[in-house]
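Chemist: predicted model follows, preceded by the sequence.
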2 protein chains.
Amino acid sequence: MARHSQIDEQRKKLLPIVCQTFSELGYRRTTTAELALRCDVRENILYRLWPDKKAMFLAAIDDIFQSRAEKWAEVLSDLPDPDARVERLIAYEAQHQGEFGFYRVIFTALAETDDDEMRDALIRMYRQFHKLVVKQIATGSEHEEGKLTESDAAWGLIGLATISNIIVELKLLGPRQRQQMFAMVANALVQDTV
Amino acid sequence: MARHSQIDEQRKKLLPIVCQTFSELGYRRTTTAELALRCDVRENILYRLWPDKKAMFLAAIDDIFQSRAEKWAEVLSDLPDPDARVERLIAYEAQHQGEFGFYRVIFTALAETDDDEMRDALIRMYRQFHKLVVKQIATGSEHEEGKLTESDAAWGLIGLATISNIIVELKLLGPRQRQQMFAMVANALVQDTV
DNA sequence: GAATAATGTAAGCACACACTTACTTATTAG
DNA sequence: CTAATAAGTAAGTGTGTGCTTACATTATTC
């Protein structure tokens, strides 16, 4: 008989490199040759792990969200108080915006939304992300007239994170200003919530 | 002697078609062949109007911002009262989000920010846009402690518009819900300003 | 230890697409 | 009228790149 396949292990091993590459270069500019180079394997080996380039990209989208969510859990692990959690999260995001090239994957994916699988991956990602944010800012209190629902505030925050990433990428503001802006707007949104 | 060049006129004539194409397909998926087809000319004619594909795209970015700004001016032309102007603008944007494929051009451009000219075009566009929004929400009153600056609120609104476009594209919310969300968050940001 | 299947290497195919070239036809200024 | 140049036509060309194929090597299990 023959040896056991280690395809799963290798997929898991190479995925971070694949993520990193797509994060730097986006979808189109990432060539399979470049991926192979960075993974230190030949192209056909990548094609044994995933059926095509798109599958590699979709795997990257999923993984990026996963690791982001894990990061949040880690950041919040020692904080029971909900208010402090939100505060910590805002501070964390204000500081680490744009560090992982997350947005670049998302933006290039958004340019490919004519493709159904790509759409679906994005939709899944945004839904999960929105849910996660709602959970973090949820207070359980009654909804007051004129205030934002938790869902609305969460979309606002996701939008804020998006433009904040763009600001980093284009250096539209200095780091200090950008952090300040992020914190101010985020707090305004959260404080207007319930 | 020979006839006069009509290059400028033709550029102006074809630009809307070029914009429309990039808006639908994004940068990479728009081929020069497709552009020529839609403009009803041969490819080499496009290359007499612009040096390369990138130049066509950059022209589209500039034009898209221009026409957006003009649209705003038109929407606001009959309103002198500043508060009412903001209100009208929010209502207008809430309703017309995603109509022009504006975001698609921007997102595909954001995937090409390794290119300096592309970066510069985006930076210019965002700066102008931000300035325009600030002007619309400016009240002239003193800045109060704990409230958002007009600049911060403007970034918040641009972020909101961005995620709102994404929501439209991915149908993450129904039109009614999305409009509601946009209006609520936008008002929260504006009311927290000064 | 040999059959079997996984892993690795190297080369290249096929196609899409940005851009060019060589040429013909229309227009107009002098 | 005609020389000169713009506008239009048609057919490439070269390159980048996603993906494949053919084959050699290695490891594992019975």
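Modeler: Received the coordinates, thanks.
Chemist: A:G26 against A:F107, yeah?
Modeler: Yes. Between A:G26 and A:F107 there is a contact under C-beta atoms under 8 Å: 7.3 Å. In short, each C-beta sits where N, CA and C put it, glycine included.
Chemist: now do the shared contacts for the two.
Modeler: Residues touching both A:G26 and A:F107 (C-beta atoms under 8 Å, 6 or more residues apart in numbering or on different chains) are B:A111.
Chemist: quick one: pLDDT of A:V194?
Modeler: The score at A:V194 is 65. That number is its pLDDT.
Chemist: next: A:A33.
Modeler: Per-residue pLDDT puts A:A33 at 94.
Chemist: could you dump the helix or strand where it lies to CSV, C-alpha only?
Modeler: Taking DSSP states H and E as the definition, one finds A:A33 inside helix A:32-39. What follows is helix A:32-39, C-alpha atoms only, in CSV (Å, rounded to 0.1, in the frame of the first residue of the first chain):
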residue,chain,number,x,y,z
THR,A,32,-0.4,31.3,-9.3
ALA,A,33,3.3,31.4,-10.0
GLU,A,34,3.8,34.0,-7.3
LEU,A,35,1.8,31.9,-4.8
ALA,A,36,3.9,28.8,-5.6
LEU,A,37,7.1,30.8,-5.2
ARG,A,38,6.1,32.1,-1.8
CYS,A,39,4.8,28.7,-0.7
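Chemist: gap between that helix and the chain center?
Modeler: For helix A:32-39, the distance from its own C-alpha centre to the chain's C-alpha centre is 23 Å (C-alpha atoms, centre = their mean, to the nearest Å).
Chemist: show me what that helix is packed up against.
Modeler: For helix A:32-39, the packing partners by 3 or more C-beta pairs under 8 Å, 6 or more residues apart in numbering or on different chains; DSSP states H and E come out as helix A:7-29, helix A:43-49, helix A:53-76.
Chemist: try it again at 6 Å.
Modeler: Under the contact definition 3 or more C-beta pairs under 6 Å, 6 or more residues apart in numbering or on different chains; DSSP states H and E, helix A:32-39 sits against helix A:7-29, helix A:43-49.
Chemist: quick one: contacts of the last one?
Modeler: By C-beta atoms under 6 Å, 6 or more residues apart in numbering or on different chains, the residues outside helix A:43-49 that reach it are A:11, A:32, A:35-36.
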